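> structure for this input, please:
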Amino acid sequence: MSSPRGLHDQIRDVLAADNCSGCGLCAALDPQVTLELNGDGYLRPLAPENAPAPAGAAETFAAACPGRIVRAPVDPGGKRHPILGPYRAVLSAFATDPEQRTAGSSGGVLTAIAASLLASGAASRVIGAKGSPERPRLTTTVSAERAEDAASMAGSRYAPVGNASVLPNGPQDIFIGKPCEVSAVRSVVGSGPDAPLLMSFFCAGTPSQHATDRLLVDLGMPSMGEPTRLRYRGGGWPGTFRAEAGDWAGETSYEESWGRALGPTVQWRCKVCPDGTGWSADVVAGDFWQADSRGYPQFVESDGVSALIARTDRGQRLVEAALGNGTIHATKAEATEIAAVQPLQVERLTTLYGRRLGAAAAGKSLPRFVGFRLGFHVVRHPIRNLRFSRGTFVRARSA
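The predicted structure follows:
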């Protein structure tokens, strides 16, 4: 088998195809690679010209970059849902600590589990994301070694960040990231007993940073100002977008902030993602919405509840321990219940085969998606795939 192109050339190939998710893996493989916001407000790597990359980096990138390949994991000991992926246990859950539950995007379960593991000494570090201390409108990757610092990561950040730029090391490290970041990290660290614990969440995609900036302006933030605090969700469920700057405060609903401002700016790579629910994680959480008669989520403020999926044997043992020590409260749920209130995840995966065809017909290449059984979905939904194929072709040609 021939060797892959050099790391920096591969990075430029992914960028040229518009397949970069901004996960940050390439920056972890080579410190010469930097991550910066591009003109469209998305996080992208800058690779040096005419500089050698570290030994083995090109091979690792070729096998792990989600702009090149995403593999569905195989767990012979577990079950598999066609949309939600592999699982050992499916629960409806929330953090028993009221502050963690309120601060989280839904039930605060990932925050509660990570903080508990740090407090007990079962983990030594958590890698995740939070608002930048210097510029809270931006999101940055951080490492926490204390439970209170892990708790400060609570809540969604609907903005670019590349958590895979910091690779976890060993079984006492916890990595929390978007599904694409977790997929990349899993490809590097493996699944053995010495692998770090990987946690993820349901992801609808990464919006442009410009969307956050415009939302602040629309809410009336003082001209040329910088918020001192900014949250995308929290203070309830689904919670509100809220920013503060001096005596000024602006706030709007989740339906307005995500539905009208942030969601429409999601980058291209996320629109063709086969894995919005963190298939490669040990544990994954997401909103367990209440739905209307059509199955669409109702954004009525209430106490947060998470769908909690243990995907691996390790993840199942972790969740059982969190239940046993009172970190979380949970009841059994069914994968079909969760899929029923995640219409975006259902639509993206069941129509991805058609999107691929439309993109290919327009001369646009996509990453390889291995093991997601896209053919199964096109057989079940041929008309929808045809419609999405045509739509993708038109959009790709006009882009």
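> residue ranges with poor pLDDT in the stretch 101-250 of the chain?
By pLDDT under 70, the stretch 101-250 of the chain contains no weakly predicted segment.
> chain neighbours aside, what residue packs nearest to the residue most central in space within the chain?
Nearest to the mean C-alpha position of the chain, by C-alpha atoms, centre = their mean, lies residue 178 at 2.1 Å. Leaving aside its chain neighbours, residue 178 sits nearest to residue 203 (5.0 Å; criterion: C-beta to C-beta, 6 or more residues apart in numbering). Glycine gets a C-beta too; all of them are placed from N, C-alpha and C.
> so the one you found makes contact with residue 274?
No: contact criterion C-beta atoms under 8 Å: residue 203 and residue 274 do not qualify, at 12.0 Å.
> domain ranges for this structure, per the record?
When the chain is parsed with automatic domain parsing, its domains come out as 79-207+265-342, 351-399.
> what's the first-to-last distance across the first one?
The stretch domain 79-207+265-342 measures 19 Å between its terminal residues, going by C-alpha to C-alpha, to the nearest Å.
> repeat that for stretch 222-240.
End-to-end span of stretch 222-240 (C-alpha to C-alpha): 20 Å.
> who are the neighbours in contact with the residue nearest to residue 178?
With contact taken as C-beta atoms under 8 Å, 6 or more residues apart in numbering, residue 203 is in contact with 178-180, 270, 273, 276-278.
> in what helix or strand does it lie?
Assigned by DSSP states H and E, residue 203 falls within no helix or strand.
> got the phi and psi for it?
phi -130, psi 130 (degrees, to the nearest 10).
> any idea how far it is from residue 176?
12 Å (C-beta to C-beta, to the nearest Å).
> cool, residue 291 as well?
Here the criterion is C-beta to C-beta. By it, residue 291 lies 27 Å from residue 176.
> which residue ranges of the stretch 1-150 of the chain form strands?
34-37, 43-46, 69-71, 79-81, 85-87, 89-95, 125-131, 139-144 (DSSP state E, counting those that start in this stretch).
> ranking by neighbours, what's the top pick from the contacts of residue 203?
Neighbour tally across these (other C-beta atoms under 10 Å): the maximum, 33 neighbours, falls on residue 180.
> can you give me the helices for the stretch 101-250 of the chain?
Along the stretch 101-250 of the chain, counting by DSSP state H, counting those that start in this stretch, helices occupy 109-120, 147-151, 179-189, 209-218.
> show residues contacting the shortest one.
Right, helix 147-151. 99-100, 103, 111, 114-116, 118-119, 126, 128, 142, 144.
> then the third one?
By C-beta under 8 Å, 6+ apart, the list of residues contacting helix 179-189 from outside reads 21, 23-25, 60, 63-66, 70-71, 73, 162-164, 167-168, 175, 177, 195-196, 198-200, 203, 269, 273, 275-281.
> try the longest one
Residues outside helix 109-120 that contact it (C-beta under 8 Å, 6+ apart) are 93-97, 100-101, 103-104, 123-126, 128, 144-148, 150-151, 153-154, 174, 176, 197, 199, 201, 283, 285, 306, 308, 318-319, 322, 325, 327-328.
> ranking the domains of the chain by burial, who's on top?
Highest mean neighbour count of the domains of the chain: domain 79-207+265-342, a mean of 21 (counted as mean count of other C-beta atoms under 10 Å).
> about what we covered before: for residue 239, find the nearest of the domains of the chain.
domain 79-207+265-342 (7.0 Å; C-beta to C-beta).
> need phi/psi at the residue lying closest to residue 86 once chain neighbours are set aside.
Spatially, and ignoring its direct neighbours in sequence, residue 86 is nearest to residue 75 (4.6 Å; C-beta to C-beta, 6+ apart). Backbone geometry at residue 75, expressed as degrees, to the nearest 10, gives phi -130, psi 100.
> ok, residue 75 to residue 189 distance?
17 Å.
> list the contacts of residue 162.
22-25, 27, 35, 43, 141, 181.
> just give the nearest non-adjacent residue to residue 62, would you?
residue 4 (4.0 Å).
> ok, the one you found to residue 345 distance?
31 Å.
> these two: which has the busier surroundings?
Comparing residue 4 with residue 345 by neighbour count (other C-beta under 10 Å), the higher total belongs to residue 345, at 21 against 15.
> wait, the more buried one sits on residue 277?
Yes: here residue 345 reaches residue 277: they are 5.8 Å apart, a contact under C-beta under 8 Å.
> what touches both of those two?
Common contact partners of residue 345 and residue 277 (C-beta under 8 Å, 6+ apart): 83-84, 202.
> out of these, which is nearest to residue 356?
For those, the minimum distance to residue 356 (C-beta to C-beta) is 17.3 Å, reached by residue 83.
> tell me the mean pLDDT over the longest helix anywhere in the chain?
Looking across the chain with DSSP state H, the single longest helix is helix 382-398. In this model, helix 382-398 has a mean pLDDT of 92.
> what does that helix contact?
The contact list for helix 382-398 (C-beta under 8 Å, 6+ apart) reads 350-351, 353-355, 357-359, 361-364, 377-378.
> at 7 Å what do you get?
Contacting residues not belonging to helix 382-398 are listed as 350-351, 353-355, 357-359, 361-362, 364, 378 [C-beta atoms under 7 Å, 6 or more residues apart in numbering].
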